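J.: The following comprises the amino acid sequence and a computationally predicted model.
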Amino acid sequence: MTFIVRQISRTADGREIIRPREFAQAELSIGRNTECDIHLPDLAVTLRHAVIRQLGPSRAEITASAGLPFDVDGRSTERAEIDAQRGANIRIGAHVIAVSREAERDAIVLTVERVGEVSDASEAKDEARAFSLAGSLPGKRTMAWSFIGLVLAVFLAWPLWSFYTNSQAADRDRPIAFHADEMWSSGKLSLVHAQLENNCKACHAQPGVAVRDTSCVACHDAVHDHADPRRLAAAMVQPGAGKQVQLAFKSAFNVPEGRCVDCHTEHEGATAMPVTAQKFCSDCHAQLKERLTDTTILNASDFGTDHPQFRPAVRTSAMPPVVQRLSLDARPIEDNGLKFPHNVHLSKTNGVARMAQTMQVDYGFGKSLACADCHVPDPSGTRFRPITMDQNCQMCHSLAFDRIDGTVRTLRHGDPKQVVADLRAFYRSTGPVRPINLGGNARRRPGDFATQATAARFSFASATRTGRADPAIRATFSEGGVCFECHKVIQPAQSGTGTFGIVPVKLPDRYMRKGWFDHAAHQTETCESCHAAPTSAIAGDLLLPKIESCRACHGGETAHKEVKSSCAMCHDFHRDDAAPLMVRNTRERGRRVDPSNELKAIRRDEG
Amino acid sequence: MAARGVQQLKQVTSQHEGFLRHAGFRWLKIALTVSLIAIVIYAFDDVQPRPNGGSAYGYFLGTVGLLLILWLTMLGVRKRAMTTGRWSLKAWTSAHVYLGLALIVIATLHTGFQFGWNVHTLAYALMMLVILSGIYGITAYSALPRALSNNRGETTQSQMLDNLRMIDRQLHDAAQPLEHAQAEIVRMSLDDDPFGGGAWARLTGNYPRCGTRRAQAAIRAYTGGGPNLGDNPLEKIDVLLERKEANLSRMRQHLRLKALLEVWLYIHVPLTFALIAALFAHVFAVFFYWG
């Protein structure tokens, strides 16, 4: 029953020193206490940690004494039997006791060696690394590669996957959800295109191909060109050096010039589609006539400083009809077929005013007529309802000619043949009213001369009345007659045989079809501040204000005027009968006041 | 003679100028000029309806910015080969710093001040983070080494560590006679890794679970009650723990300053590569969903 204990320690340069001791006893104590047979100066070991007992020639048993476990061959235990022939490693704290057998001396050998350091600080360290932050953080290289992987996976691979699954999907509309390729969007779409936010493919039809006009006209099928594309191209300013470089880049990158999106840029944020800036118009129109020599369009670049006088479409001849665009500077006279003095109707002192006063209750006129009494705005407020005989004239200019039992008969307006027929019928069908003293029941007395005279006049009148129709018709259509008063009458080709005609009246609904004027937007002004109606004596006076009148308030886009007015305020690039985009945008924003209230106010003021 | 003396003095001082002052702030001037030109062109470039990266000038600035970023990244390659002269490493670093700062202007103008939750703004944000970490790095390099040297006193890093080891050995020896429970307390200090605590502890110098401090508190629970008779091993251990803590705190301050000096590169370098990846995705997206 022998134990041989070999304690190994190391010199500073690493050389082993082995101190063997032999114990001829069956039991050895192990612990930190100096009295133990195997003394382990190790704070992890209790004063008396374990006891090792020999069971047979090569068998031993180790038991914990203080209830603290130890490791045998890596397994934590409080008791273990050991076959010394096979060997075993017991680890207690920082020490390892290797168990083996030495057959020659029939002893169990315990080789004791300290393997752990005294403290964590004493353990061997790579100092350069320990003192640097590198020990506590993942390496820069590792992080760099992980970030690259992460960014490419999330922001490249995922959107690509999203795009291709979408292009292979059968139905056109993508479900409303998050799609990874939206991470590639450079900004929100404009409000009108907000519903396409989901669907990149609607415009970006093919990867790597710039957005083509075909994508736009797929929906906008009614938009027409500004002008004939060839003339448009000819009107363009020759590109400068910078622009030529741009064009070279564009053609190199397969981006055609002159696409819709050149002007209608998208992904600029969820705002209204911006109106065309003045620059876009003046680029071509400032010197258009120099490049497009045969054009009738005059040069213009800024409303305040460089814009031709207005050229309304004026009907210069009613019969035969001729319409010309004439500059207001040429003082054009309009021939609309009507005789109408504005001054007479707007006078505050004459018979018209007096008549208006008598009709105050029936028609709501003031002390005299006002513009708004005849010119009633249309529902849009932009322009006015057409002037008609029924609505605007006949309450004063009556066409009544006969009364039968309280029913007033009127001449048919707008139908000269009917007028003639009615007048002829009037003289033919009804004789003079029978005088009351010719009553049938009266007893005739001799010497009643008065009755005889009445009877004689009545029978004469009855016999001759039909012959009065022609003079009456002539009187109606001639000077002093009811038609002649307002209309230009076409005389019959042969006096007495032909029929009278009336030159048709044509009042234009718009004088300036190339531009846009919104009356509702000018309710801060009175009518007279622009239209010189109170002093106009003939219907031929064109009461349109000249550009100078507009320029009192309106200047160009950058002018220091009350109202900055770019081209887009009156003109649209894709012109149609709707208001220009700028006007439409203003209305959508609800800046306009209710026009009906304003008109009532004007009427009150003028009444 | 006097004039020559002044000249010599100038030469001597110029040899010690840092990369920031290199060649009389040459690259600062170049960067300022470039930024100014970029701003002036931006101001006069009438882009409708508003400036954006997709305009001609926007593409130009984007290309310049991209090439600049790639060139700035090359400093990592360049610094591994040190040369002198016109294209010395110092000149290169000076250019790196000032052109990197000019990138703030170039890239911001490239965005046209349009930002969103997209890959494009991601690239911009990453670039700004890289630049900010770079600015921090320059500040740290100018301020921290002095603090580091003051804190360390005359000792080196190895000496600091050796001191700790010596105290640990003394602690270990002094604790030999102790009961197991008390020995365990000493082991709390011995087993505590002075380099442990992770990056956050390094940067803040805050070690709430410091084994030495806990051990000392526990030991004082034993020794606090009675008088010091001079034969209690716990008293000696208390003194040793006190010394260890003083040493530890100096070393931890050293670690903190070193961490503050190094940490920017752990942001600057990996984020640079994240930025290059994001730039790739950004350019790819632009060409994929092409204008």
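T.: Ah, there it is. Bear in mind that the values here come from a model prediction, so they are computed numbers and not experimental data.

J.: Report all helices and strands that the longest helix along chain B contacts.
T.: Counting by DSSP state H, the longest helix found in chain B is helix B:233-288. With contacts taken as 3 or more C-beta pairs under 8 Å, 6 or more residues apart in numbering or on different chains; DSSP states H and E, helix B:233-288 sits against helix A:140-152, helix A:158-168, helix B:56-73, helix B:119-152, helix B:157-174, helix B:180-190, helix B:198-204, helix B:211-223. From N, CA and C alone the C-beta is placed, and that goes for glycine too.

J.: tilt between that helix and helix B:180-190?
T.: 40 degrees (axes from the mean of the first three to the mean of the last three C-alpha atoms, to 10 degrees).

J.: So for helix B:233-288, mean pLDDT?
T.: Averaging pLDDT along helix B:233-288 yields 93.

J.: Just say which of the helices and strands packed on helix B:233-288 is most tucked in.
T.: The highest average neighbour count among the helices and strands packed on helix B:233-288, using mean count of other C-beta atoms under 10 Å in any protein chain shown, belongs to helix B:180-190 at a mean of 21.

J.: Show me the one of the helices and strands packed on helix B:233-288 that comes nearest residue B:106.
T.: Between residue B:106 and the helices and strands packed on helix B:233-288, the tightest spacing by C-beta to C-beta is seen for helix B:56-73, at 4.9 Å.

J.: would you put the C-alpha positions of that closest one in PDB?
T.: Provided in PDB are the C-alpha atoms of helix B:56-73 (Å, rounded to 0.1, in the frame of the first residue of the first chain):
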ATOM      1  CA  ALA B  56     -27.500  67.300 -64.700                       C
ATOM      2  CA  TYR B  57     -25.700  69.000 -61.900                       C
ATOM      3  CA  GLY B  58     -27.100  66.400 -59.500                       C
ATOM      4  CA  TYR B  59     -25.600  63.600 -61.500                       C
ATOM      5  CA  PHE B  60     -22.300  65.400 -61.700                       C
ATOM      6  CA  LEU B  61     -22.100  66.000 -58.000                       C
ATOM      7  CA  GLY B  62     -23.200  62.400 -57.400                       C
ATOM      8  CA  THR B  63     -20.400  61.100 -59.600                       C
ATOM      9  CA  VAL B  64     -17.800  63.400 -58.000                       C
ATOM     10  CA  GLY B  65     -19.000  62.300 -54.500                       C
ATOM     11  CA  LEU B  66     -18.900  58.600 -55.400                       C
ATOM     12  CA  LEU B  67     -15.300  58.800 -56.900                       C
ATOM     13  CA  LEU B  68     -14.300  60.900 -53.900                       C
ATOM     14  CA  ILE B  69     -15.600  58.300 -51.400                       C
ATOM     15  CA  LEU B  70     -13.800  55.500 -53.300                       C
ATOM     16  CA  TRP B  71     -10.600  57.500 -53.300                       C
ATOM     17  CA  LEU B  72     -10.900  58.300 -49.600                       C
ATOM     18  CA  THR B  73     -11.300  54.600 -48.800                       C
END
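
J.: So what touches that helix?
T.: Contact partners of helix B:56-73, identified using C-beta atoms under 8 Å, 6 or more residues apart in numbering or on different chains, comprise A:242, A:246, A:249, B:38, B:41-42, B:45, B:47, B:51-53, B:96, B:99-100, B:102-103, B:106-107, B:109-110, B:112, B:127, B:272, B:275-276, B:279, B:283.

J.: likewise stretch A:309-320?
T.: By C-beta under 8 Å, 6+ apart, stretch A:309-320 touches A:298, A:321-329, A:332-337, A:488, A:490, A:503-506, A:508, A:511-513, A:515, A:542, A:544, A:546-547.

J.: Could you tell me which of these belong to helices?
T.: residue A:547.
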